[in-house]
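*Asks:* below is the sequence, then the predicted model.
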Amino acid sequence: MNAVIKTGGKQYLVKAGDTLKIEKIDGEAGANVTFDNVLLAFDDKAADVKIGTPTLSGASVTATIEEQGRGKKIPVIKYKPKTRYRRNVGHRQHFTKVKIGEIKA
């Protein structure tokens with residue numbers, strides 16, 4: 001079974017056993033998480049397709065949190081000519097790594 005879930009303002013195509021890096025959600029490593037915003041569900045041969053309007057009622061995807069972390073540093077540089085103004089700042093986005101378990105549709 002495959003599904004499209006929405007979390008953190010993004011949509012992800014998932015199937016059982018997948019590992020995803022998603023926007024940070026609260027929880028410790030090893031905790032179970034349930035995603036209720038399932039937009040689409042279908043089987044491997046696409047014979048049974050369920051489309052939500054906008055979400056499927058009663059559908060859910062369970063996952064296990066594997067890791068909480070921060071991504072690579074992205075440099076943010078400000079520069080103003082003729083004034084000798086330069087500023088370097090870095091940004092590291094928080095993420096949560098999850099492993100998809102069961103998909104109910």
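*Replies:* Thanks, I have the structure now.
*Asks:* contacts only, for the residue nearest the centre of the chain.
*Replies:* Of all residues in the chain, the one closest to the mean position by CA atoms, centre = their mean is Ile22, 2.8 Å from it. Taking CB atoms under 8 Å, 6 or more residues apart in numbering as the criterion, Ile22 is in contact with Thr7, Gly8, Lys10, Tyr12, Phe95, Thr96, Lys97, Val98. Heads up, the C-betas are built off the backbone N, CA and C, glycines and all.
*Asks:* one more time with 7 Å, if that's ok
*Replies:* Residues near Ile22 by CB atoms under 7 Å, 6 or more residues apart in numbering: Thr7, Gly8, Tyr12, Phe95, Thr96, Val98.
*Asks:* for Val49, same thing?
*Replies:* Contacts of Val49 by CB under 7 Å, 6+ apart are Phe42.
*Asks:* pairing partners for it in the sheet, please.
*Replies:* Phe42 (DSSP bridges).
*Asks:* which residue sits farthest out from the middle of the chain?
*Replies:* Max radial position in the chain (CA atoms, centre = their mean) goes to Lys82, at 43.0 Å.
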